[in-house]
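Undergrad: Model the following, please.
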Amino acid sequence: MPLFIGVDIGGTKVLATAVSSTGRVLRTATRTTPGRRVEARLVEDALTEAVQEIAGVRRVGAIGIAAAGFVDAQGERVRFAPHLPWRDEGVRARLAERWSAPVVLDNDANCAARAELTYGAVGDAESAVMVTLGTGIGGALILDGEVLRGYNGMAGEFGHTQVVPGGRSCECGGAGCWEQYCSGNALTRFVRAQGVQDLAGPAITAAAEAGDPVALAAFDEVGSWLGVGVANLVASFDPQIVVIGGGLSAAGDLLLEPARRALRESLVGADHRTVPPVVRAALGPEAGAIGAADLARQRFRSAGTRARARLRAARETARRQ
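TA: Next up, the predicted model:
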C-alpha cells in the first residue's frame, strides 16, 4: 500500500506524519523551521529531511503540505507567509519535482479544520470556526460541512484582523493584529514582561499546571484575548461550535476557561442566543498534518478515478472503431 504523508510547516517547527485512511498517525518526524529571514531553499530542505525520514523505503502515494501562509485558490502558490520566507512562491510544483511524488498544498488551518471535520471535534456540526494557536494565529471556516477557502483561497486569516488600532507591530507588516495578543509568542511576551526570563513554550504550561502565578496570569491574559476575538467571529458567522487547535491548545482549560468567560462577556446578545461551545481540537497539534495527508489521499484517489475513467472511455472508443 502506498504511504500518504502530511507535512505541517509553521513558524518554529516542521511536523511530518504518515497517516492511515482512518486518520491515525502511524509515525512522525520533526525539524526546526529555519525562520523567515532565510532563503526559501533552507525551509524546503527541512521539509525534505522530514519527509525522507518518514518515507524510508516505502512507496509514497502523495504528500500534503499544510503551510502557515496565504495559499492561492488553485493550491499552487504561497502568496505570503508572515513567519516563513515564502513570497509568491510556486511551492507545490517545486516540491513535487524535488520529491518525485504528487504534492497538494493548502493553508495549515484549513488542513487542521479538514481533519477535525473528518475525524475530530467538529463531529456532525454543519458550521464551525476553527482557531489554531501556535507562533501566531491561523483560522478556518466550515460551512455546510465544507472548509470555505474564499475567492482568493485566503479565507480564515483571523490572526491578522486588527484588534488594537496602532497596537503592537506584527510580522505581517501591520499593527495591532489579534495574534500579537493571543498566541504562543504573546504568552511568552507576557511572562517576560513580568521579569521571568527562563520560561517559554511548553514550560509555561507546565508552570501554570504547577500553580505558578505568573504563568497562570499569562494564560488568563491570552485566554481572555482569545475569547474577545472568538466573540467577533461568532458575531460574524454564528457557528455551531468553535474548535481551538495548534500547539497552545495543549494547555486545555488553562486557556479555554478564560476564553469562554471573555466570549460570553464580549458577545453581543449573549443572553438571547445559543453561545457555541469552545472546545479543544480532538487531534491536537497534529491536526494540520493529518488534514494535509487526508487531502493528499483524496486528491490521489480522485486523480486515479479520473485516469481510469479516461482509459475506459478510450478503450470503448477504440472498440467502436
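Undergrad: Where does residue 82 sit: helix, strand or coil?
TA: coil (DSSP: H, G, I helix; E, B strand; the rest coil).
Undergrad: give me every residue that touches it.
TA: By C-beta atoms under 8 Å, 6 or more residues apart in numbering, residue 82 lies in contact with 11, 36, 68, 69, 136, 160, 170, 171, 172. Backbone N, C-alpha and C define where each C-beta goes, glycine included.
Undergrad: now, among these, which is nearest to residue 257?
TA: When these are compared for distance to residue 257 (C-beta to C-beta), residue 136 comes out closest, at 22.4 Å.
Undergrad: ok, of the contacts of residue 82, which come out buried?
TA: Neighbour-count burial (16 or more other C-beta atoms under 10 Å) applied to the contacts of residue 82 gives 11, 36, 68, 69, 136, 160, 170, 171, 172.
Undergrad: Mind pulling up the pLDDT for residue 315?
TA: Here the pLDDT value assigned to residue 315 is 59.
Undergrad: To clarify, my last question referred to residue 40.
TA: pLDDT for residue 40: 88.
Undergrad: and it, how many neighbours does it have?
TA: Burial of residue 40, expressed as a neighbour count using other C-beta atoms under 10 Å, amounts to 17.
Undergrad: Let me know how buried the spatially closest residue to it that is not a sequence neighbour is, in neighbour terms.
TA: With C-beta to C-beta, 6 or more residues apart in numbering as the measure, residue 85 is the residue that lies nearest to residue 40, at 5.0 Å, once sequence neighbours are left out. Taking other C-beta under 10 Å as the criterion, the count of residues near residue 85 is 19.
Undergrad: Shouldn't residue 85 be within a helix?
TA: No. Residue 85 is assigned coil when assessed by three-state DSSP, not a helix.
Undergrad: How much space separates it from residue 34?
TA: 8 Å (C-beta to C-beta, to the nearest Å).
Undergrad: Now the common contact residues for those two.
TA: With contacts defined as C-beta under 8 Å, 6+ apart, the residues shared by residue 85 and residue 34 are 42, 43.
Undergrad: which residues does the closest residue to residue 22 other than its chain neighbours contact?
TA: If the residues on either side of it in the chain are set aside, residue 22 comes closest to residue 119, at 7.5 Å by C-beta to C-beta, 6+ apart. For residue 119, the residues meeting the contact criterion (C-beta under 8 Å, 6+ apart) are 22, 23, 282, 283, 290, 294.
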